[in-house]
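**Student:** give me the fold of what follows.
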Amino acid sequence: MTRKFITDLFTSNEHYSFSSIDEAVEAIFASSGLINTVHECEAPSICNDVTNDVAWEVSERLAANGEPLSDWQRDYIEQTIGLDAARAFPRAA
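**Tutor:** So this is what the prediction gives:
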């Protein structure tokens with residue numbers, strides 16, 4: 001069965017479906033962090049919360065960029081994987 005990555009599955013936000021974590025990460029950048037949760041679904045009733053995995057991937061891409069985080073980026077990292085992760089990035093001047 002094909003894996004799907006579904007965002008905001010259990011919230012009142014609009015749902016989106018992606019075929020890879022990379023697509024979900026790109027959507028987070030495009031939406032300025034408005035995606036709150038991501039679930040990986042392999043069958044109609046088997047879903048795993050992969051929000052933290054996706055957030056770490058976003059964090060790694062931001063770290064590779066080497067620039068200070070924008071407000072939405074800092075908020076996204078802080079809310080999903082923690083304050084310590086957000087503090088690891090340089091602050092904007």
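**Student:** how near is the nearest residue to P90 once chain neighbours are set aside to G82?
**Tutor:** The spatially closest residue to P90, leaving aside those adjacent along the chain, is P68, at 4.8 Å (Cβ to Cβ, 6 or more residues apart in numbering). Backbone N, C-alpha and C define where each C-beta goes, glycine included. P68 is 18 Å from G82, where distance means Cβ to Cβ, to the nearest Å.
**Student:** sorry, back to before: now do the same for the residue nearest to P90: helix, strand or coil?
**Tutor:** Look at P68: counting by DSSP: H, G, I helix; E, B strand; the rest coil, its state is coil.
**Student:** tally of neighbours for it?
**Tutor:** For P68, the neighbour count with other Cβ atoms under 10 Å is 13.
**Student:** surely E40 and S17 touch.
**Tutor:** No: the pair E40 and S17 does not pass the contact test of Cβ atoms under 8 Å, sitting 11.1 Å apart.
**Student:** who has more neighbours, the two?
**Tutor:** E40 (19 against 12).
**Student:** for the more buried one, which residues make a bridge with it?
**Tutor:** Beta bridges link E40 to F5, N48, judged by DSSP bridges.
**Student:** for S17, same thing?
**Tutor:** I6.
**Student:** would you map the helices across the chain?
**Tutor:** Along the chain, counting by DSSP state H, helices occupy 21-30, 51-65, 71-81, 83-87.
**Student:** can I get the shortest one in PDB, CA atoms only?
**Tutor:** Which is helix 83-87. Provided in PDB are the C-alpha atoms of helix 83-87 (Å, rounded to 0.1, in the frame of the first residue of the first chain):
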ATOM      1  CA  LEU A  83      12.400  25.800  22.700                       C
ATOM      2  CA  ASP A  84      16.000  24.400  22.900                       C
ATOM      3  CA  ALA A  85      15.800  23.500  19.200                       C
ATOM      4  CA  ALA A  86      14.700  27.000  18.300                       C
ATOM      5  CA  ARG A  87      17.400  28.600  20.500                       C
END
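**Student:** what average pLDDT does it get?
**Tutor:** Averaged across helix 83-87, the pLDDT comes to 88.
**Student:** buried sites along it?
**Tutor:** A85, A86 (16 or more other Cβ atoms under 10 Å).
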